[in-house]
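Enquirer: Got a predicted structure here, sequence first:
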Amino acid sequence: MRRKKKAFWKPVTAGLGAVYLLTMALATFLVKTKFAEDFCQRFREFAVYLVREVNDKEASMEEDGWDSEEKRRDYYQSLANGYLWKVNDEMLQVSIGFYDRDMRLMAKTRDEIGGNSIYEAGTKVREYASFSLDEYLSLPEKEQLAKYQWESVHSFDGDEPEKYRFSIRTSPNGETLWAIYVQEIIWTRSDQWDGEKYTDPLTGSVTSIEMVNVDYGTGKETITGSFKQTGSHILWQWINPGISEEELEKGIVTKTSMQLPYMTAYETWRDFESWKTWCGSGYLHGFSQQGDFAWEEGIEEPPVIIDWDGWNYRGRYQLKAGLGDEDAKAGPVYVELRMESSPWLAAMDYMKYVYLAGFVLTFTCGVKMALVFRGIYDSQMALEEMRRDFTNAMAHELKTPLGIIRNFAENLMERNMEEKREYYLAQIIGQTEEMDRLVMKMIEISKLDSQELVFKRENVLFSELAREQLARFEPVVKERKLQVRFEENGEFVVLGDRAYLAGAVWNLLSNAVDYNVDGGRIVIRVEMDRCVVENTGKPLGEDQLAHVFDMFYTGDKSRSKKNGHMGMGLFLAKKVFGLHGLDLTIENMEDGVRVIVKKT
């Protein structure tokens, strides 16, 4: 019963997969640690720049003070939104909160719309407050508005006006947000429009625009196109539910812009998804209305407060800025900065090509190891099968002489067989000699399989070796009237053990003589790096050719027993030649068999 072949790819894949995952996890962990340190350092540098900006501003206001607390809040609100560009890393996001001298929150990073000023003839005639979108819109409404903003920013190429226009409707005093509109504007080149002027139904304005390309190296401006608004329609709108339709008509509509942190046209990674990540972070929006800024005595710079949940690396910096004391016109400003980063994601993004290279290398090693293990396993199975066949063959070969010995021994035990005593004893001795010869062959095979076998190394001339071994068959050759022709067309020299090579050549010639026909021929042809032995006789069948080098294979049983062949000669010859770097092959001729020995 044959054993079922093992699927080596499963344990190899599992083992190498575990090694790959463990190695990549460890490498990613080390890279993640480095990214976390870098993020923290960048956060500190950002805080230093920001505090310096606040100190300079407060110093400039020290003498005269601020016009009003509202002006001060507006300045810090613009700073909270406009200073984020200092942190230029897609894996690190920050928010800023500014607190007044009483530690009350006066500005923070937020999504906002508005903040426009209206000018007529170069004079500002109206100013609108900026409005926090979180105070008016739900999250789905804000996301829809942000999508239009991103599409507008992303599609703008500088050659044509922006596709969308954002407008707001406010109370007459500009302090309350009543509505938000997103319009799709139809633009036509001025030289291609002959129709009447188009008045926008929402804003009541007639709009034309010139697109200008600026060469920042020389400062030269080039007009690339002139466009007129020739149509529009509202794509999306939000109406303040607390405002009636009658009141809405009294509101003032004006074009506006939005500030959505981490959504700009300048860096490709500052996109809608980046804004959405910032928007969805509760930590970056977690500024309390009443701050708590207290440090131990003697500490000039408080440490970064790290909040680490294993995946997100978060930190807070609480600082005091401004040069004024509590009684000065420009009092101190308390600043709280918050960061949220993903060092794991940054590390995985940094390692992506390492993962790929590691996977390819691991896969290649896995395939090679599986093939090696398969080869080892197949070799072991072949060895086991050979040993099993060897045991079966030995049992079969020994069974016959043992049976004969037992038979003759039982006959000798009978007293009426005394007249055949000498005959029986001769048969018993003959069978023991046969068994002894078989055992000696087994010992020879065992030596050839031994790892400790060391061949003598000398140059052996194959032609001389063939002539010496052929001479041993001279009586038989003459008795059977075999014609022998020896041809030497080149020098075939083998570096090896002469005794073992002689035994192998003897086996070849023994077959050529024993399996020949009476009056047949034997041709021995020595050429450069090979020797050919041809003999007449019955060609081998396909099955015989396939198994001719197998141990104990004798082909025609009747002829092998008659000639004393045990099916080990060609097996031993191929093994000896193989150990000397030679290849032994057998093929049929029209009237016989050809044996070829050649260097590999």
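Expert: Great, that's in hand. Residues are numbered from 1 along each chain as shown.
Enquirer: Can you classify residue 194 by secondary structure?
Expert: Under DSSP: H, G, I helix; E, B strand; the rest coil, residue 194 falls in the coil class.
Enquirer: so the residue nearest the centre of the chain is in which element?
Expert: The chain has residue 356 as the residue nearest its centroid, 2.8 Å off, counting by CA atoms, centre = their mean. Using DSSP states H and E, residue 356 sits in helix 352-413.
Enquirer: Over that helix, what's the mean pLDDT, rounded is fine.
Expert: Averaged over helix 352-413, pLDDT sits at 78.
Enquirer: Next: stretch 227-234.
Expert: Mean per-residue pLDDT for stretch 227-234: 92.
Enquirer: For that stretch, list every residue counted as buried.
Expert: 227-230, 232 (16 or more other CB atoms under 10 Å). All C-beta atoms are positioned from the backbone trio N, CA, C, and that covers glycine.
Enquirer: Now do the buried residues in the helix or strand containing residue 534.
Expert: Residue 534 belongs to strand 530-536 when assigned by DSSP H and E. Across strand 530-536, burial judged by 16+ other CB under 10 Å covers 530-531, 533-536.
Enquirer: repeat for stretch 278-287
Expert: Buried, per 16+ other CB under 10 Å, within stretch 278-287: 278-279, 281, 283-285, 287.
Enquirer: Also stretch 186-200?
Expert: 187, 193, 198, 200.
Enquirer: Can you add distance to residue 221 and pLDDT and give the residues you listed back as CSV?
Expert: Output for these, formatted as CSV (distance: CB to CB, whole Å; pLDDT from 0 to 100):
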residue, distance to residue 221, pLDDT
187, 20, 92
193, 24, 82
198, 27, 90
200, 27, 91
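Enquirer: Give me the distance from stretch 524-541 to the chain's centre.
Expert: What separates the centre of stretch 524-541 from the centre of its chain is 56 Å, taken as CA atoms, centre = their mean, to the nearest Å.
Enquirer: thinking again about what came up before, how far away from the center of its chain is the helix holding residue 356?
Expert: 37 Å.
Enquirer: Which strands and helices lie in contact with that helix?
Expert: If you count contacts as 3 or more CB pairs under 8 Å, 6 or more residues apart in numbering; DSSP states H and E, helix 352-413 packs onto helix 9-60, helix 421-449.
Enquirer: just checking, next helix/strand downstream of the shortest one?
Expert: Heading C-terminal from helix 421-449, the first helix or strand you meet, by DSSP H and E, is strand 458-461.
Enquirer: pLDDT averaged over that following strand, what's the number?
Expert: Per-residue scores along strand 458-461 average to 91.
Enquirer: What are the buried residues along that strand?
Expert: residue 460.
Enquirer: got it, and stretch 304-322?
Expert: Residues of stretch 304-322 classed as buried by neighbour count (16+ other CB under 10 Å): 304, 313-319, 321-322.
Enquirer: could those residues go into JSON lines alongside pLDDT, distance to residue 59 and secondary structure?
Expert: Conversion of the buried residues of stretch 304-322 to JSON lines gives the following (pLDDT from 0 to 100; distance: CB to CB, whole Å; DSSP: H, G, I helix; E, B strand; the rest coil):
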{"residue": "304", "pLDDT": "81", "distance to residue 59": "26", "secondary structure": "coil"}
{"residue": "313", "pLDDT": "89", "distance to residue 59": "34", "secondary structure": "strand"}
{"residue": "314", "pLDDT": "91", "distance to residue 59": "32", "secondary structure": "strand"}
{"residue": "315", "pLDDT": "90", "distance to residue 59": "28", "secondary structure": "strand"}
{"residue": "316", "pLDDT": "90", "distance to residue 59": "26", "secondary structure": "strand"}
{"residue": "317", "pLDDT": "89", "distance to residue 59": "21", "secondary structure": "strand"}
{"residue": "318", "pLDDT": "90", "distance to residue 59": "21", "secondary structure": "strand"}
{"residue": "319", "pLDDT": "89", "distance to residue 59": "16", "secondary structure": "strand"}
{"residue": "321", "pLDDT": "86", "distance to residue 59": "10", "secondary structure": "strand"}
{"residue": "322", "pLDDT": "78", "distance to residue 59": "8", "secondary structure": "coil"}
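Enquirer: Name the nearest of those relative to residue 343.
Expert: Nearest to residue 343, judged by CB to CB, of these is residue 313 at 5.1 Å.
Enquirer: For the closest one, give its distance to residue 283.
Expert: Going from residue 313 to residue 283 by CB to CB, to the nearest Å gives 11 Å.
Enquirer: and what of residue 305?
Expert: Distance from residue 305 to residue 283, by CB to CB: 12 Å.
Enquirer: follow-up on the earlier one: just the helices and strands packed on helix 352-413: most buried one?
Expert: helix 9-60 (a mean of 16; mean count of other CB atoms under 10 Å).
Enquirer: next helix or strand past the longest strand belonging to the chain?
Expert: Taking DSSP state E as the criterion, the chain has its longest strand at strand 220-239. Per DSSP H and E, the first helix or strand lying C-terminal to strand 220-239 is helix 245-249.
Enquirer: quick one: strands adjacent to whatever helix or strand comes next after that following helix?
Expert: Using DSSP H and E, the helix or strand that directly follows helix 245-249 along the chain is strand 252-255. Take DSSP bridges as the rule and strand 252-255 pairs in its sheet with strand 164-170 (antiparallel).
Enquirer: list the helices and strands the helix or strand that the strand it pairs with is followed by packs on?
Expert: Using DSSP H and E, the helix or strand that follows strand 164-170 in sequence is strand 177-189. Judged by 3+ CB pairs under 8 Å, 6+ apart, the packing partners of strand 177-189 are strand 112-114, helix 139-155, strand 164-170, strand 220-239, helix 245-249.
Enquirer: closest to residue 383 out of those?
Expert: The closest of the helices and strands packed on strand 177-189 to residue 383 is helix 139-155. By CB to CB, the value is 68.8 Å.
Enquirer: Please tell me how far the residue nearest to the centre of the chain sits from residue 24.
Expert: For residue 356, the distance to residue 24 - CB to CB - is 11 Å.
Enquirer: Can you name the residues that contact residue 516?
Expert: 480, 482, 522, 535-537, 592 (CB atoms under 8 Å, 6 or more residues apart in numbering).
Enquirer: same question, residue 363
Expert: If you count contacts by CB under 8 Å, 6+ apart, residue 363 has none.
Enquirer: Kindly recompute the last result at 10 Å.
Expert: Shown in contact with residue 363 (CB atoms under 10 Å, 6 or more residues apart in numbering): 13, 16-17, 20.
Enquirer: before we move on, what about residue 480?
Expert: 473, 513-514, 516-520.
Enquirer: change it to 7 Å
Expert: Residue 480 is in contact with residue 518, counting by CB atoms under 7 Å, 6 or more residues apart in numbering.
Enquirer: distance between stretch 191-206 and the chain's centre?
Expert: Its chain's C-alpha centre and that of stretch 191-206 lie 58 Å apart, by CA atoms, centre = their mean.
Enquirer: Could you do stretch 234-253 as well?
Expert: Here stretch 234-253 shows a centroid-to-chain-centroid distance of 56 Å under the convention CA atoms, centre = their mean.
Enquirer: and it, how far apart are its ends?
Expert: 14 Å (CA to CA, to the nearest Å).
Enquirer: Give the pairing partners of the strand holding residue 534; include direction for each.
Expert: Here strand 530-536 is paired, per DSSP bridges, with strand 521-527 (antiparallel), strand 592-599 (antiparallel).
Enquirer: worst-scoring helix or strand of this protein, pLDDT-wise?
Expert: helix 557-563 (a mean of 47; mean pLDDT, DSSP states H and E).
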